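Engineer: Following is a predicted model, sequence given first.
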Amino acid sequence: MPKDGGIGASSKRREDIRFLTGRGNYTDDLSLHGQTYAVFCRSTVAHGRIVSIDTKATADMPGVLAIFTGEDFKDVGGNPAGWLINSRDGTPMREPKRPVLAHGKVRHVGDAYAAVIAETYAQAKDAAEQVAADTEIEELSPIVDMAKAVANADNRVHDEIPDNLCFDWGWIEDNRAAVDAAIKAAPHVTTLELINNRLVPNAMEPRASIGEYFPGTGDYKLTTTSQNPHLTRLLVSAFVMGIPENKLTVVAPDVGGGFGSKIYHYGEEALVLAAARKLARPVRWTAERSESFLSDAHGRDHVTKIELATDLEGNFLAIRTETLANVGAYLSNFSTATPTFLHGTLMAGPYKVPSVYVNVKAVFTNTAPVDAYRGAGRPEATYSLERVIDKMCRELNLNPFDVRRKNFITPDMFPYATPVGLNYDTGNHGATLDKAMQMANVAGFEARVADSAKRGKLRGMGLSTWVEACGLAPSHLAGVLGSRVGLYEAATVRVNATGNISVMTGAHSHGQGHETVFAQLVSERLGIPESSIEIVHGDTSKIPFGMGSYGSRSLSVGGSAIDRAVDKIVAKGKKIAAHMLEAAEDDIVFANGNFTVAGTDKAKSFGEIAFSAYVPHNYPLETLEPGLEETAFYDPGNFTYPAGAYLCEVEVDADTGRVEVAEFICADDFGNVVNPMIVEGQVHGGVGQGIGQALCENTTYDENGQLVSASYMDYAMPRADDVPFYNVDHSCQTPCTHNPLGVKGCGEAGAIGSPPAVVNAVIDALHRGGYSHVKHIDMPVTPSRVWAAMQAK
Amino acid sequence: MYNFDFVKPSSVAEAVKALSDDEAQPLSGGQTLLPSMKQRLNAPGTLVSLTGIAELKGVKREGDTLVIGAATLHATVAKEAAAHYPALAELAGQIGDPAVRNRGTIGGSLANNDPSACYPAAVLASGATIVTSNREIAADDYFQGMFTTALEPGEIITAVRFPIPQKAAYAKFVQPASRFALTGAFVAQYADGVRVAITGASEGGVFRWSEGEAALSSNFSADALKGMSGEAEGMIGDLHGTPAYRAHLVGVMTRRAVSAAH
Ligand SMILES: Cc1cc2nc3c(=O)[nH]c(=O)nc-3n(C[C@H](O)[C@H](O)[C@H](O)COP(=O)(O)OP(=O)(O)OC[C@H]3O[C@@H](n4cnc5c(N)ncnc54)[C@H](O)[C@@H]3O)c2cc1C
């Protein structure tokens, strides 16, 4: 019998009712008395020197209240990178100032160099157009291609940064000599050069921010589309504007998707606050879709060479990678962590590889900043690794299932320290591979190939077995790795006098379903119905602290904090019960919502205890404070390591090169599962994005730094008919050993594991169809690219 | 969007009069015009809506000809042309999504003449006649390159007259993002020969593929086109496909249209 509540139940997502009936409360829904509108002037050139901005004509236009340029912010702070990365030679990364508005130079198409505030949106639009007309920008030669950027010392995105190089990172530098030697001596080396394509996040709700200033108290309020309101508050306070943290409230109400792009603080948020202070009126801004394309932090964008050394039976001996990682024009908050500690540390995958060395050069270009996007670094690592393994299997004529299996870290080997710095706590990769093969009916594949052939289609199967590191993050480790913040999570569980519960969590839900899942957790522990539990998130004035949601951390870190707070509630409840039942505290057991004296039928319900805590007439006041509210901070002991085996079957139209995903099978190990329906939905979404990356999403800057794919007319998002009916399973469970819930996280898995499965399947189809000269096709594997590869005999 | 005036006449004559103002522009379904206005790429002083004019709407059979009013919705063509000219109805049913098909109109599509639009292929392959507020224009004279037509300023399309073929079909290979035609082939067989029109592929907009027509006029079968493809020279090259790819698709999609013709 499936449970109908608590841990393990597929409780319906309670938040969906308001989302689906138009009753959500998004930033742009907020309407405030006296509100004004901000519109930004954005660069139309990739690289230019701002010669002059003449705002005189604009200032007299109807409704115009204020005009800001980079000059206005030149003395305030910059928006910093959250991780300090050191280069191989020990020098710290080069970190240019990222101003609220561009000052001196514009550095990418979409870079905001001015903002206008007006009474109405239309007036602000008109005024911004006038400012743009009265602005002189001297065009400079654009830096777009990464290889050229590092080769040309004189043409610089930031005048003070030669070679456009942010850092040259080696991981682990001590492995380098051994890896070089192993590759030199190896019986076989497979080399693959590939591109991990840049992606535009495309959250359904564009970014939006409203700044308010209350002159009576000097308080500020920022309502914004954030995955991470406390971090935004910290950055605005400590780095950018110097507003004391206790004078700034950041609220992220309902947020319509983020996928990483809303983790970060953006200049628009600082601008609306500065403008609100100047005008003492609310100032609002909502991005147009075109602005989102040009100014949201993009994802991926790696150019990689990977070498895999093996013996002739396909046993892995060593891996070496060289990557150019695009950071765009400025360092977004996580941009330096993504290509390094979220990427290099995963380069051993689920395999026992004796030695691994990863080199990443992060490069500035005149393009939008690049930062973490669903999976962040781990999809890049997984793609490189799973593609090169596939290529090696073809070169040595080995079975890709067998090769992966014999290289797996086996269950008896955990905990397992990898050569790239992680310590995997648990896993069973053979089990997920078995499961996937069984779900896929691998034995029936040849018959399906023949059936496809009858319809003129080439069928192929691709495999990807992967592991990732999430549940960000153990603070001590993150600190060693360069993080400038802690990565714990906080929660308060407030039991109200009438027995219902408010849970304040620092994790932020922007579609994930936390309101449902966290209520399930607390319900399970306290025996209170889910409907009596309220989850409060996204408001720094209500929540003790938080580090937001990303890196599949909400349940494993945020949920664990809630669990710890519940421990404290139970412990205090036992004290109250012991007093009321005149028993020893140690004799009180708490189960099914009742505090009972062990071995007796003497009991108090949870509600009675709660009431007594607030109406303490019969209460141990000498030794115990009244009230029943507890806060916990939880800092994980390690990353969590979800893993899985993904199998994809595609059909390639031999005439047109069009790829259709016929089957997608996921056997995941997420440890314990709280809500199977939500987990399944997360995998669907992640795989959908992975298929989008693999087949559709083609972010293209031309040589002038213009974003060619800047609208849905050219940027292909995966649609319902681009993806198959997924077949997903998470019955293989090796619970996480170090968090109290035994959970690992499922938010990014689909996007991490799926792209190589798709591309491997396409290559397989082409080989089976007689196009064995095709060794690789870069993503997105568009019809045109497949056809061109088929022709290139 | 900039400010504009809006008028909604109820006859073609009134519409033509309203359009005599230089700053005025016809508005039909708005599926192309409104997005460009929202992006401030287009700023008409007055929009003259054509959707209140009854004489511009409807699908009518007149002997061997199907007459479609310029302001007829794609969705209406998809439904009402099916019994008379199924290939045309199928084409209309593949334009955009339901929302687009229930606003967008044939007249708007033809006036716009997007090089990737679907209707131009049907109109050209059918040798249809574009009826305007002051004349009739043969399809062969109407399309004059990307976004360029024989229409004079202030002239509005009122109807399109399609000679009904013996057999026809449209085969559309979609551009993955916009889902307009990356390359689309419309094939129509008439007593006096076969016409093939290709959309989406050429920098010159919709065109007749004469090699294909010649081959099919003597043998109306996919085999007649075996190994044939278009000429890469002059084809569109963009992030969705090279000129060579589009030239290749000319052959593939025409063969598919021939196989599907009914
Ligand atoms: C999401 C989306 C997907 C689409 N997919 C496709 C597709 O797959 N295939 C395809 O072919 N098209 C597609 N379209 C375009 C769609 O078919 C439009 O409806 C069509 O191109 C324009 O028709 P309209 O009635 O909306 O014209 P409007 O936008 O109202 O007008 C377009 C232009 O024509 C002028 N005009 C309008 N009517 C007349 C007239 N009677 N006489 C003279 N001038 C006139 C207007 O002044 C304007 O310049 C798509 C559009 C969208 C938004």
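Structural biologist: In hand now; what should we look at?

Engineer: Which residue is the nearest non-sequential neighbour of the residue in the stretch 351-500 of chain A that chain B sits nearest to?
Structural biologist: Per Cβ to the nearest Cβ, residue A:456 is where the stretch 351-500 of chain A lies closest to chain B, at 10.6 Å. Yep, even glycine has a C-beta here, placed from its N, CA and C like the rest. Excluding its sequence neighbours, the residue lying closest to residue A:456 (Cβ to Cβ, 6 or more residues apart in numbering or on different chains) is residue A:654, at 6.1 Å.

Engineer: Run a quick neighbour tally on the one you found.
Structural biologist: With neighbours defined by other Cβ atoms under 10 Å in any protein chain shown, the count for residue A:654 comes to 19.

Engineer: Model confidence at it, what's the number?
Structural biologist: As predicted, residue A:654 sits at a pLDDT of 96.

Engineer: can I assume it is in contact with residue A:453?
Structural biologist: No. With contact defined as Cβ atoms under 8 Å, residue A:654 and residue A:453 do not form a contacting pair (9.3 Å).

Engineer: sorry, back to before: for the residue nearest to residue A:456, what are its contacts?
Structural biologist: For residue A:654, the contact set (Cβ atoms under 8 Å, 6 or more residues apart in numbering or on different chains) comprises A:456-458, A:769, A:790.

Engineer: From chain B, how far off is residue A:660?
Structural biologist: As for residue A:660, its distance to chain B is 12 Å (criterion: Cβ to the nearest Cβ, to the nearest Å).

Engineer: meant to ask about residue A:765
Structural biologist: 18 Å.

Engineer: repeat for residue A:647
Structural biologist: 24 Å.

Engineer: so which strand or helix has that residue?
Structural biologist: Per DSSP states H and E, residue A:647 falls inside strand A:643-653.

Engineer: coming back round to it: just among the contacts of residue A:654, which is most surrounded?
Structural biologist: Neighbour counts for these, by other Cβ under 10 Å, peak at residue A:458, which reaches 24 neighbours.

Engineer: How about the contacts made by it?
Structural biologist: When contacts are counted by Cβ under 8 Å, 6+ apart, residue A:458 touches A:452, A:651-652, A:654, A:765-766, A:768-769.

Engineer: That one belongs to a strand?
Structural biologist: Yes. Per DSSP: H, G, I helix; E, B strand; the rest coil, residue A:458 lies within a strand segment.

Engineer: show me what contacts the residue nearest to residue A:136 when sequence neighbours are not counted?
Structural biologist: Distances taken as Cβ to Cβ, 6+ apart put residue A:51 closest to residue A:136, at 4.1 Å, once the chain neighbours are dropped. By Cβ under 8 Å, 6+ apart, the contact list for residue A:51 reads A:136-138.

Engineer: Please repeat the previous calculation with a cut-off of 10 Å.
Structural biologist: Residue A:51 is in contact with A:135-138, counting by Cβ atoms under 10 Å, 6 or more residues apart in numbering or on different chains.

Engineer: between the residues you listed, which is nearest chain B?
Structural biologist: When the contacts of residue A:51 are ranked by distance to chain B (Cβ to the nearest Cβ), residue A:135 comes first, at 16.8 Å.

Engineer: Would you map the helices across chain B?
Structural biologist: In chain B, the helices defined using DSSP state H lie at B:12-18, B:33-38, B:74-80, B:86-93, B:98-101, B:106-112, B:119-125, B:139-142, B:210-218, B:243-260.

Engineer: For the longest one, name the packing helices and strands.
Structural biologist: It refers to helix B:243-260. helix A:783-791, helix B:86-93, helix B:119-125, strand B:167-174, strand B:181-190, strand B:193-199, helix B:210-218 (3 or more Cβ pairs under 10 Å, 6 or more residues apart in numbering or on different chains; DSSP states H and E).

Engineer: Could you rerun that using 8 Å?
Structural biologist: Secondary structure elements in contact with helix B:243-260, counted by 3 or more Cβ pairs under 8 Å, 6 or more residues apart in numbering or on different chains; DSSP states H and E, are helix A:783-791, strand B:167-174, strand B:181-190, strand B:193-199, helix B:210-218.

Engineer: List the buried residues for that helix?
Structural biologist: By 16 or more other Cβ atoms under 10 Å in any protein chain shown, the buried positions in helix B:243-260 come out as B:243-258, B:260.

Engineer: Does residue A:103 touch residue A:50 like I think?
Structural biologist: Yes. The pair residue A:103 / residue A:50 is scored as a contact, 7.5 Å apart, by Cβ under 8 Å.

Engineer: For these two, work out which one has more neighbours and name it.
Structural biologist: Ranked by neighbour count (other Cβ under 10 Å), residue A:103 and residue A:50 place residue A:50 first, with 20 against 16.

Engineer: Just say helix, strand or coil for that one.
Structural biologist: Assignment for residue A:50 (three-state DSSP): strand.

Engineer: Just the pLDDT for it.
Structural biologist: 98.

Engineer: bridging residues for it?
Structural biologist: Note on residue A:50: beta-bridge partners residue A:137, judged by DSSP bridges.

Engineer: do stretch B:150-162 and the ligand meet at all?
Structural biologist: Yes. Using Cβ under 6 Å from any ligand atom, stretch B:150-162 reaches the ligand at B:151, B:156-157.

Engineer: Remind me which helix or strand the nearest residue to residue A:15 once chain neighbours are set aside belongs to.
Structural biologist: Leaving aside its sequence neighbours, residue A:15 sits nearest to residue A:515 (Cβ to Cβ, 6+ apart; 4.7 Å). Here residue A:515, judged by DSSP H and E, is contained in helix A:514-526.

Engineer: Please save the CA atoms from that helix in PDB.
Structural biologist: Output in PDB follows, covering the C-alpha atoms of helix A:514-526 (Å, rounded to 0.1, in the frame of the first residue of the first chain):
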ATOM      1  CA  HIS A 514       9.200  22.300  -0.900                       C
ATOM      2  CA  GLU A 515       6.000  23.400   0.600                       C
ATOM      3  CA  THR A 516       4.700  19.800   0.100                       C
ATOM      4  CA  VAL A 517       7.900  17.900   0.800                       C
ATOM      5  CA  PHE A 518       9.000  19.700   4.000                       C
ATOM      6  CA  ALA A 519       5.500  19.400   5.400                       C
ATOM      7  CA  GLN A 520       5.700  15.600   4.700                       C
ATOM      8  CA  LEU A 521       9.000  15.500   6.700                       C
ATOM      9  CA  VAL A 522       7.600  17.300   9.700                       C
ATOM     10  CA  SER A 523       4.300  15.400   9.600                       C
ATOM     11  CA  GLU A 524       6.200  12.100   9.600                       C
ATOM     12  CA  ARG A 525       8.300  13.200  12.600                       C
ATOM     13  CA  LEU A 526       5.600  14.800  14.700                       C
END
